[in-house]
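> Have a look; sequence and predicted model below, questions after that.
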Amino acid sequence: MKLADISIKRPVFTTMVMLAIITYGVYAYIKLAIDMFPNIDFPIITVTTIYRGADPETIETKVTKKIEEAVNQISDIKTLSSQSLQNVSSVVIQFDLDKDINVAAQEVRDKITTVQRNLPSDIEPPIVQKVDLGAMPVISLGIVSEGGLSDAELYNFADKIVKNQVQIINGVGNVEIVGGRERAIWIRPQAEKLIAYNLTIEDIVRSLGAQNIDIPSGNINVSDYEISVKSKGTVDNLEELKNIMVTNINGSIIRIKDIAAVEDSLQDEKSRAILNGKRTLSLVITKQPGTNTVEMAKKIRKVVPELNKLAPKGVRVDIISDNAVFIENSIDDAIFDLYLGAILAIVIIGVFLRNIRMTIIAAVAIPTSIIGTFAAIKALGFTLNYLTIMGLSLSVGLVVDDAIVVLENIFRHFERKKNRMEAAFTATDEIGLAVMATTFSIVAVFLPIAVTHGMVGRFMKQFGITVVVAVLISLFVSFTLTPMLSSRFMKEPMRNFFTITIERFLDWLDRFYGKIVGWALNNRILVLAIAIVSLIITLYMGSHLKQEMMPITDQGEFNVNIETAAGSSLEHTSKCVEEITNIISNRNDIQFIFSTIGGGRLEKKETASILIKLKPLEQRSKGQIDIMEEVRESLKNYDKATVSVVQKQAVDIGSSAAIIQLNILGNDLNELKRIASEVKDEMIKSGGYTDIDISYKESKPELSLNIDREKASQVGILPVSVGSSLRLMLAGDKISEYKEGGSTYDIRIKMDDETIGDVNKIKRLKLRSMAMMPVEIGNIIEDKSGTTPQSINRLFGQRVVTIFSNLSKEKALGEAVEELNKILKDRLPQGYTYRYTGQADFMKENFQSLFESLFLGILMIYFILASQFESFVHPFTIMFSLPFALIGAIGLLLLTKYNLSMTTMIGFIMLMGLVTKNAILLIDFALKGRQSGLELNEAIIRAGTIRLRPILMTTFAMIFGMLPVALGRKLGAEIRAPMAIAVIGGVITSTILTLVVVPVIFSYLQRLVERVKGENAD
């Protein structure tokens, strides 16, 4: 082999190449960004339309359905959903992952342009936006005041100091302040005075807009200078604001202060933040798209001490929630398991080789390959995340495999009294093609994963390429560094009691194995029967393996989500949060409790979220899942709100955090609600479902002020004018700005509290007609009390009611889906259907993709084997053996009570490569023995005894390399352990298969080949 020849003859050149790989690898490792998982960009577009004064049903009919029909003509749509709320239509279009987000956004804009002429004329223009799920909250800061500061002063510190300092950090996206209230100037018109002066609330707004304003007025030239001119009209103090003229009645000036109270106060409270029972302010910091979570978090942590130096006396800034901490600790633990696995693998090699020099030669392949892979990871723009580290953990046993095979063959030739250089070259050349075939079989298994389309391809790309790069580097090392070092440093093993004992044991094992193979070849039908029966039993037992998308991880925190009755006040929701907090706060495994009430895009005062931060894993006796179940149990009788205990998603898949999302589609909302309620009842009876909730909420109380269009048109009033005026009276909208001390504050308007609570007073207020004549509201409207749906949801052009549910730890996702399918069978009326979104849909789609990748990988293995053996038949020797590797994998998963998940599927795929890898060398040696004239059974037995030690060596290296991962009890171990368990169990049985079943199958097929060729098939 030319590569080995060059490496042996030019040791300095070989050393420099390896040092270059290691140097760049170390540099890349230092610079690698850390993240939990690869960042996946979901192409999601939203279309938001404001139609003021419209109820959800009107929004659905006049806006949402028309927009849906328009955008549904675009290609590559994965899901089309919508929500029709009071005043707002929101349409969400999720495209296939391969769709370019910018192209999708432009196509949506084009469709909106064409449909806009069919929408109501008085709507606001639809807003098309790209959604970035990666722009997620990373850190939440809490600002606590021990007293002395007013609410306005504390908010000012949060907004002007803390927020400004955080926003200049590179990578920070949005910074939202939760809790607290900013200073605001309120104009509170008094109904009786407006009525007395024949004025409207819009008169105040118009007057303020015309008089509290600065207008650039052009430029004037003075000598050689050009001076800009500005007409200044903004008020300098509140007295000026109060004295702004609204109208002049018969020479009598009516000012704002004559008809309204002007209050220097705070904005309406829309949200609250509470830390361990104390009111606080919170800053939720979101990262920009593509920003590394850990790097941004480190920068924010450095700023916090500086913020505390700038804080007023008695004010403290703390980090409440930091998502990067879990990521950092999990990755650190995973890397530790990787290093420990590598050390254990090296120890095992040393025990087998009984030679320090040979052990070092073989072991050097591990750091060289792993460190070299870091260089490739960096060059490809990957991060150091769970997937890349899992790939490296799997690679520990693989990268040393090639070196072991080559080294063991070199030593075998060396023991035949060849000199070191000759032994190194001859042995490497002899086994080179077989080693290449084994390595490419691993590549063939993992490369399809890396290039698969869709979610699996995006998610698993970094994992697959990491393994591929690692084994290719190890192949290069085994053909260069291993023979070069062997040609210089190999010598006879030490002779002592330890080495002699091991040597005698291995000699006995060789002889014993020879007898086992001989017996197997003489009892081939019995051996195959035992293997087949074992496989059938295993597959039957495996059918009872529970399925889940990803194992649930102990992240050290979870949320309790709360929803009170529709229309609840912030005060009522806060009271519920306090009661729930009191129920769960007496646990000794809780570090702190942080609650947020209201806020968010829709400012829903009836929703709240309680973050439960647990003590570190080593300081508590129970895992997070058990704690969540106990908290859920303690809250099951709380009936003042809907309560759900939810786990943070390990992988953001662009949907709700609920594990089960069952969508029932149809046209009649009442029928959908009935079906959903029945299914919910069945779920409760079945057990194992937790936090069950239905998306359709009870109708919200509504006072409908119906406009008499005929009367309105007679007096020259447009419906939009009625809606706008009522909003000014009731909503507290911003109408202008007030500047003081370099800061700008909102000027807001809302009728006095007495008027807001009296419908009759509102009806006595007046509007301006198009002729500017005052018209009493009560003359053109009729008030009617009733209810209206809070929202109307749609999916794929149909109305939908969604059932959300989490699962107890005893119930897996796959089991739940099967059960729900049975519940829904024959239950749905004609015209009604159901489908899953979220994790269930994701699991189905991605398991299918993984099976397709597995099939493609097996096909590629066949091509490689056929090329290696120059035979269309002998690849089947190995192909027939592949399913038997599942015996140990499934058996050990059942024994350890792990579920079938994406990580266990990775382990199964890995096994296909491992079975192939060991079997190739065995068959290669058997064929060479047969070609040299040995009788078939003798050739098989001889090949087995020659390959026994390297096969056992690589098997134990793989097992011990994966053992720290399998036994891991640290952060994130739940994700890594099932993969390692599957690999270890599969490796154990695949080794037995390679050594016993493969020879039996080979003997059948080789005799068949020789008979077809007309050769002597003894």
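Happy to help now that I have it.
> residues in contact with stretch 60-77?
Contacts to stretch 60-77, defined as Cβ atoms under 8 Å, 6 or more residues apart in numbering, come from residues 47, 49, 51, 54, 80, 82, 84, 89, 91, 93-96, 98-99, 104, 107-108, 111-112, 114-115, 118-120, 123, 126, 792, 794, 797. The way it works is simple: take the backbone N, C-alpha and C, and place the C-beta from them, glycine included.
> mean confidence score for the helix or strand hosting A980?
Per DSSP states H and E: A980 is located in helix 973-992. In this model, helix 973-992 has a mean pLDDT of 85.
> For PyMOL, write a command that selects the buried ones of the contacts of stretch 60-77.
PyMOL command restricting these to the buried ones, with burial defined by 16 or more other Cβ atoms under 10 Å:
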select buried, resi 47+49+51+54+80+82+84+89+91+93+94+95+99+104+107+108+111+112+115+119+123+126+792+794
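> how close does L509 get to T291?
55 Å (Cβ to Cβ, to the nearest Å).
> Compare neighbour counts for these two and give me the winner.
When neighbours are counted by other Cβ atoms under 10 Å, T291 comes out ahead of the other of L509 and T291, with 19 against 14.
> picking up where we left off before, contacts for the helix or strand following the helix holding A980?
Next in sequence after helix 973-992, counting helices and strands by DSSP H and E, comes helix 998-1013. With contact meaning Cβ under 8 Å, 6+ apart, helix 998-1013 is reached by 517, 520-521, 524, 527-528, 871, 873-874, 876-878, 880-881, 919, 922-923, 926-927, 930, 936-937, 940-941, 944, 1016-1017.
> Specify the angle between helix 998-1013 and helix 973-992 in degrees.
50 degrees (axes from the mean of the first three to the mean of the last three Cα atoms, to 10 degrees).
> looking at the protein, which helix or strand does the model trust least?
When the helices and strands of the chain are scored by mean pLDDT, DSSP states H and E, strand 700-707 comes last with a mean of 71.
> Looking at the helix or strand immediately after it in the chain now, give me its mean pLDDT.
Toward the C-terminus, strand 700-707 is succeeded by helix 709-714 as the next helix or strand (DSSP H and E). Across helix 709-714, the average pLDDT comes to 83.
> Buried residues in helix 709-714, which are they?
For helix 709-714, the neighbour count (16+ other Cβ under 10 Å) marks A712 as buried.
> And that helix, how far out from the chain middle?
Here helix 709-714 is found 55 Å from its chain centre; the criterion is Cα atoms, centre = their mean, to the nearest Å.
> That one packs against which elements?
When contacts are defined as 3 or more Cβ pairs under 8 Å, 6 or more residues apart in numbering; DSSP states H and E, helix 709-714 sits against helix 719-730.
> If we use 10 Å, what do you get?
Applying 3 or more Cβ pairs under 10 Å, 6 or more residues apart in numbering; DSSP states H and E, one finds that helix 709-714 makes contact with helix 719-730, strand 774-776, strand 781-788.
> and of these, who's closest to T501?
Closest to T501 of those, according to Cβ to Cβ: strand 781-788, at 84.8 Å.
> Please identify which helix or strand holds A450.
Assigned by DSSP H and E, A450 falls in helix 420-451.
> all helices for the stretch 401-550 of the chain, in order.
All helices of the stretch 401-550 of the chain, identified by DSSP state H, counting those that start in this stretch, fall at 420-451, 454-479, 481-489, 497-522, 524-542.
> could the ones you listed be laid out in TSV, adding distance to K636 and mean pLDDT?
Converted to TSV, the helices of the stretch 401-550 of the chain look like this (distance: least, Cβ to Cβ, whole Å; pLDDT from 0 to 100):
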stretch	distance to K636	mean pLDDT
helix 420-451	42	83
helix 454-479	35	84
helix 481-489	62	86
helix 497-522	58	86
helix 524-542	35	88
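> Of all those helices, which one is nearest A376?
With Cβ to Cβ, the closest approach to A376 among those belongs to helix 454-479: 4.3 Å.
> Which ones among the contacts of stretch 60-77 lie within helices?
104, 107-108, 111-112, 114-115 (DSSP state H).
> Out of those residues, which comes closest to A866?
Within those, the smallest distance to A866 is 43.3 Å, found for A104 (Cβ to Cβ).
> hang on, the closest one packs against K130?
Yes. The pair A104 / K130 is scored as a contact, 8.2 Å apart, by Cβ atoms under 10 Å.
> Identify the contacts common to the two.
Residues touching both A104 and K130 (Cβ atoms under 10 Å, 6 or more residues apart in numbering) are 43-45.
> Among those residues, name the ones in strands.
Judged by DSSP state E, strands contain the following of these: 44-45.
> nearest to L149, of the shared contacts of A104 and K130?
When the shared contacts of A104 and K130 are compared against L149 (criterion: Cβ to Cβ), the nearest one is I44, at 41.0 Å.
> roughly how far apart are the residue nearest to that closest one when sequence neighbours are not counted and A608?
Excluding the flanking residues, the one nearest I44 by Cβ to Cβ, 6 or more residues apart in numbering is V131, at 4.0 Å. Distance from V131 to A608, counting by Cβ to Cβ: 24 Å.
> Then R524?
To A608, R524 is 69 Å away according to Cβ to Cβ.
> same question, K825
37 Å.
> Same question for A424.
Distance of A424 to A608, computed by Cβ to Cβ: 71 Å.
> Of the two, give the one with the bigger neighbour count.
A424 (30 against 27).
> With that, I have no additional questions.
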